[in-house]
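*Asks:* Return a 3D structure for these sequence lines:
(one chain, ligands or ions: 2)
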Amino acid sequence: MIDTALLIIDVQNDFCPGGALAVEDGSAIVPLINRLQSKFPLKVMTQDWHPAEHTSFADNHADAQPFSMIDMPYGPQVLWPTHCVQGSRGADFHDELETDNVALIVRKGFRKEIDSYSAFFENDRTTPTGLTGYLREQGMTSLVMTGLATDFCVRFSAVDAAKLGFDVSVVSDACRAIDMDGSLGDAMRDFEENGVKITTSDAFL
Ligand code: VGL
Ligand code: ZN
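*Replies:* Ligands and ions are numbered 1, 2, ... in the order given. Next comes the predicted model:
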């Protein structure tokens, strides 16, 4: 496990019950993620971090409904309810999430004109966040993924990591999904096709 990092994706108030883009049962994963942390030598978190005028927000498009699709210069994009606005309470990590022993927090989605689901590349699929270099310099070859949401930010992070050559496992009971229009099934197929393993927390605890 010396070369295995724990990734904790977007465990923020807006993705938890009561938040602007709440994932059903989202906060249930927090105690589990806290227990998992001590098993890994390196912990990295991501934080969805949007300016209020972000183009992924339905509110910033005339007559657009949340969860509808739009074509962006970089491809199709879901329009979301306004969420994780920089400095807002919704963008804060869940109050019970342990953060003291986390080495790095990667903020993403902070450029107005481009969304970023993955911890590694923005939604144009080419602009890097820098996390690949960080993990490689830390000697990490294997990544264990937890957080929200299974079918968006966890999915794209896990698949990108596998394509980059990391050995990747998703801890299914330490993740929860949005599941819109079959997106969870799509994510499961994508994991399988890219060699991302699905596991449960008892494998590490
Ligand atoms: C996410 C939609 C929009 C996520 C972030 O963390 O999965 N989903 N922004
Ligand atoms: Zn977002």
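
*Asks:* now the end-to-end length of stretch 186-201.
*Replies:* 22 Å (CA to CA, to the nearest Å).

*Asks:* what's the nearest residue to residue 40 if we skip its chain neighbours?
*Replies:* residue 6 (3.9 Å; CB to CB, 6 or more residues apart in numbering). In this view, the C-beta of every residue, glycine as well, is placed from N, C-alpha and C.

*Asks:* what's the distance between residue 173 and residue 201?
*Replies:* Look at residue 173 and residue 201: by CB to CB, to the nearest Å, they are 5 Å apart.

*Asks:* Name the residues contacting each of those two.
*Replies:* residue 32 (CB atoms under 8 Å, 6 or more residues apart in numbering).

*Asks:* and these two? which has more neighbours close in?
*Replies:* Legend: neighbour count by other CB atoms under 10 Å for residue 173 and residue 201, higher for residue 201 (18 against 13).

*Asks:* got the buried residues for the strand ranked longest in the chain?
*Replies:* Scanning the chain for the longest strand, with DSSP state E as the assignment, gives strand 167-176. By neighbour count on 16 or more other CB atoms under 10 Å, the buried set for strand 167-176 is 167, 168, 169, 170, 171, 172, 174, 175, 176.

*Asks:* Kindly report the same for stretch 48-68.
*Replies:* Neighbour-count burial for stretch 48-68 [16+ other CB under 10 Å]: 48, 49, 50, 54, 55, 56, 57, 58.

*Asks:* Just the pLDDT for residue 1.
*Replies:* Per-residue pLDDT puts residue 1 at 82.

*Asks:* quick one, what contacts the residue nearest to residue 40?
*Replies:* Neighbour list for residue 6: 36, 37, 39, 40, 42, 43, 44, 143, 144, 146 [criterion: CB under 8 Å, 6+ apart].

*Asks:* measure the nearest residue to residue 170 once chain neighbours are set aside to ligand 1 for me?
*Replies:* Distance criterion CB to CB, 6+ apart; nearest residue to residue 170, sequence neighbours excluded, is residue 145 at 4.7 Å. Going from residue 145 to ligand 1 by CB to the nearest ligand atom, to the nearest Å gives 12 Å.

*Asks:* Secondary structure class of residue 145, three-state.
*Replies:* State at residue 145, reduced to three classes by DSSP: H, G, I helix; E, B strand; the rest coil: strand.

*Asks:* what does the chain put close to ligand 1?
*Replies:* By the rule CB under 6 Å from any ligand atom, the part of the chain lying against ligand 1 is 10, 15, 48, 80, 117, 148, 149, 152, 153.

*Asks:* Please repeat the previous calculation with a cut-off of 5 Å.
*Replies:* Contacts of the chain with ligand 1, taken as CB under 5 Å from any ligand atom, map to 10, 48, 80, 149, 152, 153.

*Asks:* And the residues you listed, which of them are buried?
*Replies:* 10, 48, 80, 149, 152, 153.
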